[in-house]
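**Q** What follows is a protein structure lacking sequence information:
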């Protein structure tokens, strides 16, 4: 097992930097990573305190600092300490600058500005939370997407992920004994997407859920025959209504959401864009 100190320095929230580091680390096994996260680094005084910690725990330094003075001080000290450092956004920013014929603005946290898109995203999150698990059916026509599927088929986490991307999402559980409201079949604006999965995978997820709640792990909720019947019922409903279906058995939430976004773009005749 390799032990690595990873220092992440950002002049904003550091969300972008964390995602980059997470994606890169996923490519390596047997690494024990000690993350040192330093957001909102905007003064040399703040940087001096951080550099003392870096000197005591040498490792890889990854940074997104746009202020020339702060950035220069960090690079100079890392060179003196002999520490590797990476500015992951530099090559992308330089390429865009060349193509667009513009200089980057160099404003810390510019991607997190409180613009119209930010407030639209907040609105989408509020809508999605208020329309979870079949709630608020009278407002479903305002949604961009309605996710349908049996219990524990990742409807809610997928909906929340999509909401963070600006999509208003409602979701409805498909229950054999309790058909969904008739309104679901008359929706015009929202894209209705069916989520399905394998019976074995669903049983495993449900059993883990029951155990986490200290409930009996052997009920009809996890019975092979009952679960298979639920899934078959839902799939027939999706097919009868011509709704697109996504099998989430081997998909992460991010992959499922990307597939939903692709369907939305296809419906609107747009190019498929995911990030």
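**A** Yes, it's here. Fair warning: this is a prediction, and the values are worked out from it, not measured in the lab. Numbers count the residues shown, from 1 in each chain.

**Q** Relative to residue 45, how far out is the residue nearest to residue 42 when sequence neighbours are not counted?
**A** Closest residue in space to residue 42, ignoring its immediate chain neighbours: residue 11 at 5.3 Å, by CB to CB, 6 or more residues apart in numbering. C-beta: built from backbone N, CA, C; applies to glycine. Applying CB to CB, to the nearest Å, the value for residue 11 to residue 45 is 14 Å.

**Q** Out of these two, name the residue with the larger neighbour count.
**A** Taking other CB atoms under 10 Å, residue 11 and residue 45 do not tie; residue 11 has more neighbours (24 against 7).

**Q** My read is that the more buried one contacts residue 38, right?
**A** No. Taking CB atoms under 8 Å as the definition, residue 11 is not a contact partner of residue 38, at 9.8 Å.

**Q** Report the contact partners of the residue nearest to residue 42.
**A** 40-42, 64-67, 70, 108-109 (CB atoms under 8 Å, 6 or more residues apart in numbering).

**Q** which parts of stretch 7-14 are buried?
**A** 7-12, 14 (16 or more other CB atoms under 10 Å).

**Q** Can you name every helix or strand that the one helix or strand residue 124 maps to contacts?
**A** Element membership for residue 124 (DSSP states H and E) is helix 116-130. Judged by 3 or more CB pairs under 8 Å, 6 or more residues apart in numbering; DSSP states H and E, helix 116-130 is in contact with helix 155-164, strand 169-173.

**Q** What is the least confident helix or strand in this structure?
**A** helix 90-100 (a mean of 82; mean pLDDT, DSSP states H and E).

**Q** Please point out which parts of it sit buried.
**A** Buried, per 16+ other CB under 10 Å, within helix 90-100: nothing.

**Q** So in the protein, which helix runs the longest?
**A** Longest among the helix segments of the chain by residue count, using DSSP state H, is helix 224-241.

**Q** circling back to that earlier point, can you say which of the helices and strands packed on helix 116-130 is packed in most?
**A** The highest mean neighbour count among the helices and strands packed on helix 116-130, using mean count of other CB atoms under 10 Å, belongs to strand 169-173: a mean of 25.

**Q** what residues does it touch?
**A** Under the contact criterion CB under 8 Å, 6+ apart, strand 169-173 has outside partners 124, 127-128, 131-134, 136-137, 139-140, 143-151, 155-156, 158-159, 162-163, 180, 184, 190.

**Q** Which of those residues are buried, as a PyMOL select command?
**A** The buried subset of the contacts of strand 169-173, as determined by 16+ other CB under 10 Å, is captured in PyMOL by this line:
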select buried, resi 124+127+128+131+132+134+137+140+143+144+145+146+147+148+149+150+151+155+156+158+159+162+163+180+184+190
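
**Q** What average pLDDT does stretch 124-143 get?
**A** Confidence for stretch 124-143, expressed as mean pLDDT, is 95.

**Q** Give me the distance from that stretch to the chain's centre.
**A** Remark: stretch 124-143 is offset 19 Å from the chain centroid, using CA atoms, centre = their mean, to the nearest Å.
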